[in-house]
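A.B. asks: The following block contains a protein sequence and its predicted model.
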Amino acid sequence: MSKLRVSIVQYLNTAPLVRGFTHGALQGKYDLSFTVPSQCAEALRAGAADVAIIPAIEYQRIPGLTILPGLAIASKERVRSLLLIAKVPIRQARRIALDRSSRSTQALTKILCARRWQIAPEFFEADPPDTDGKSAAAILDHADAALVIGDSALRIAIAAEARGVKPGPDGAWLTPAAALADSFVGAQQCCAPAWRDVTVEQQNSPQLHIYDVVKEWWHLTEKPAVLAVWAARTEVVTANPELAEDFLASRDFGVRQIPEICAEAAHQMQLPENELRLYLEKNIDYSLDDQNLQGLLSFFHHSHALNLIGPLNPIAIAAGPNSHARYLDFTFARSS
């Protein structure tokens, strides 16, 4: 029989979820592929994947899905890898660039603009910062603020914290613009042939305003943010009752292996190992507990109210080794 195809986000925060498939007892059981969050969703939508870790909002956009139980990429209060970086206080932003590889964080940003900051900026999609010469500073040449996600955002957070940050309005970190250049020094040494520094304009800018998207969501709702979930077509889950057990086992193995994951990643990413451990152990939560479910359903409520998704669909969660199948409607969440 052919292996089930699993589409995985190629960010550090996913590594513990799939460690059992890449390094543990489940190695070789599934056909794994790695890409950015938006493409994981597209692979599942198009039938190119049987199981995928998808941006949470895509559960409401792709019909016929079931979520695997107990599993998520979530953050209880502060994440460090989803950042809105602004040249001005965010309430003054009129044009915001959104990382095109994101789906859920784009929606979170639009919700925060409307509900927390009461602004209605122009949004446009931009390619993410990378290690081939395109910097977050370059994106800010064309916008007042830019959404940066994943490992690129984590680099910026670590660099800003190393330079020193101070509190600003609306929960911002204030940091020198040069922190954006600092964030890619390790990447430049590792694998970037064409890195260019921040522009003269950005170097002369006294400070940048950095907002942690999950922290701002917490200020708005007092709920965690669920960023991604494992999902599959309902018929795939029904035909493969071992899925939940396998994916939970992979996660549990990966959480135990976080020190090893961070040692490997520190070498590959040229980032401090202790910072990566802090990120995976404290900033990321890999469960889908009731608190996270409240946050997820609140996110769906806000997304629906702003017409970011269509009619709200109840959430189907598969049975697990120690849990029954669940079918949640929106009475489970108290709207914020």
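C.D. replies: Received it, and whenever you're ready, just let me know what you need.

A.B. asks: show me where pLDDT drops low in the stretch 151-300 of the chain?
C.D. replies: Along the stretch 151-300 of the chain, segments meeting pLDDT under 70 span 181-206.

A.B. asks: Repeat the analysis, applying 90 as the threshold.
C.D. replies: Residue ranges of the stretch 151-300 of the chain with pLDDT under 90: 151-152, 159-171, 175-207, 269-270.

A.B. asks: Strands of that one, start to end?
C.D. replies: 166-167, 173-175, 208-212, 225-233 (DSSP state E, counting those that start in this stretch).

A.B. asks: so which of those gets nearest Phe123?
C.D. replies: strand 208-212 (15.3 Å; C-beta to C-beta). Bear in mind the C-beta positions are built from the backbone N, C-alpha and C, glycine included.

A.B. asks: Contacts for that closest one, please.
C.D. replies: If you take C-beta atoms under 8 Å, 6 or more residues apart in numbering as the criterion, strand 208-212 is touched by 78-80, 82-90, 145, 156-157, 160, 165, 168-177, 179-180.

A.B. asks: Geometric centre of this protein: which residue is closest?
C.D. replies: With distances taken as C-alpha atoms, centre = their mean, the residue of the chain nearest its centroid is Leu227 (5.3 Å).

A.B. asks: Give me the nearest residue to it, chain neighbours excluded.
C.D. replies: Ranked by C-beta to C-beta, 6 or more residues apart in numbering and with sequence neighbours excluded, the top spatial neighbour of Leu227 is Ile73, at 4.9 Å.

A.B. asks: Nearest residue to Gly150 in space, please, no chain neighbours.
C.D. replies: Tyr11 (4.4 Å).

A.B. asks: so that neighbour makes contact with Ser152?
C.D. replies: No - contact between Tyr11 and Ser152 fails when scored by C-beta atoms under 8 Å: they sit 9.4 Å apart.

A.B. asks: which one of those two has more residues nearby?
C.D. replies: Ser152 (24 against 21; other C-beta atoms under 10 Å).
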